[in-house]
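>>> need a structure here:
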Amino acid sequence: MALIKINAVIEHSNRYLLVKRCPEDGGYWQTVTGGVEPNENLLYAVRREVQEETGLTDLSIDENPIHYFTWQKNDNDLIEIAYLCHTTQDTVHLSIEHTEFTWADKQEAEAIVEKPNNKVVIQKANLLGKSAEPTLKRPDISIKLIVRCGDEAFMLFHPSSGHHDFPGGRMEWGESFDETLKRELKEELDYDITKEPKFIYVWNYVAEDKSRHTVHIYYLLTVAEKPHPVSSEGAELHWLPKDYFYKKDEELANKIFGD
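Residues are numbered from 1 along each chain as shown. Model prediction:
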């Protein structure tokens, strides 16, 4: 699987906490980030990383992410998911990973951080913090599993809509990516994942009328023998050749079949 990281944008009195990494790790300013441990709840990971790196324990976390982005480090794929947090504390005790900290307003914070994605999360945090709309919409996160056997992969065909789709579904509050995959596959197909799938792709879908916004995260499971689970939702399981996928989406097909 891809490495999953959290990004905590911590607000206190309309100012954001920035920390400076130690010189051997780049020496740049950023918001608080950290890795998610296997099967760890994302919100728990935010709370744990913030406490480990800053000593802050009084933390309120908005449960829906404000931004996500993907990047690579040492040939590893990473997904970084940003959350807006609030604290009443302003005393920070840094871990050995950082050398300095500062509380900065939005303009100062954008000028201090160096990474473009960090500038974006601060912009989004600022918009959310100032919004008077109590039900501000944020993207859903959907986890999808692609099962490949040789030169084929299966999809579910839904007769009611006439469309194919990969099994999977929306991440529920408090779930890890692994937990979402296992739950959705069990609910839809009574199918148990027996080995760890690999992260391969992210698709940011926004409907033309802006009525829907979903971040689809795709994982690939390669198997030696074709499973034939039965859908509990009336869908038909179709094993489709790789040519089908290349006609639909060449970039995704290369992720699935490019060995």
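>>> list the buried ones in stretch 24-42?
By neighbour count with 16 or more other C-beta atoms under 10 Å, stretch 24-42 contains the buried residues 29-34, 36, 40-42. For the C-beta atoms, the positions are set from N, CA and C on the backbone; glycine is no exception.
>>> Show me the shaky parts of the stretch 1-150 of the chain.
For the stretch 1-150 of the chain, the stretches flagged by pLDDT under 70 are 1-2, 129-137.
>>> what about the strands in the stretch 1-150 of the chain?
Assigned by DSSP state E, counting those that start in this stretch, the strands in the stretch 1-150 of the chain fall at 3-12, 15-21, 29-30, 32-35, 60-61, 67-73, 76-86, 98-104, 140-149.
>>> In JSON lines: the ones you listed, plus distance to residue 128.
Formatted as JSON lines, these follow (distance: least, C-beta to C-beta, whole Å):
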{"stretch": "strand 3-12", "distance to residue 128": "9"}
{"stretch": "strand 15-21", "distance to residue 128": "12"}
{"stretch": "strand 29-30", "distance to residue 128": "19"}
{"stretch": "strand 32-35", "distance to residue 128": "17"}
{"stretch": "strand 60-61", "distance to residue 128": "13"}
{"stretch": "strand 67-73", "distance to residue 128": "10"}
{"stretch": "strand 76-86", "distance to residue 128": "6"}
{"stretch": "strand 98-104", "distance to residue 128": "17"}
{"stretch": "strand 140-149", "distance to residue 128": "16"}
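>>> Would you tell me which of those strands gets closest to residue 204?
When the strands of the stretch 1-150 of the chain are ranked by distance to residue 204, counting by C-beta to C-beta, first place goes to strand 67-73 at 8.4 Å.
>>> Which residues belonging to that closest one are considered buried?
Along strand 67-73, the positions that meet the burial threshold by neighbour count (16+ other C-beta under 10 Å) are 67-69.
>>> next one: stretch 208-215
Within stretch 208-215, the residues that qualify as buried are residue 215, counting by 16+ other C-beta under 10 Å.
>>> Equivalent analysis for stretch 185-205, please.
Of the residues in stretch 185-205, 185, 188-189, 191, 197, 199-201 count as buried by neighbour count, 16+ other C-beta under 10 Å.
>>> One more: stretch 112-120?
112-113, 115, 117-118, 120.
>>> mind putting these in a markdown table, distance to residue 77 included?
Shown next, in a markdown table, are the buried residues of stretch 112-120 (distance: C-beta to C-beta, whole Å):
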| residue | distance to residue 77 |
| --- | --- |
| 112 | 28 |
| 113 | 23 |
| 115 | 17 |
| 117 | 15 |
| 118 | 19 |
| 120 | 19 |
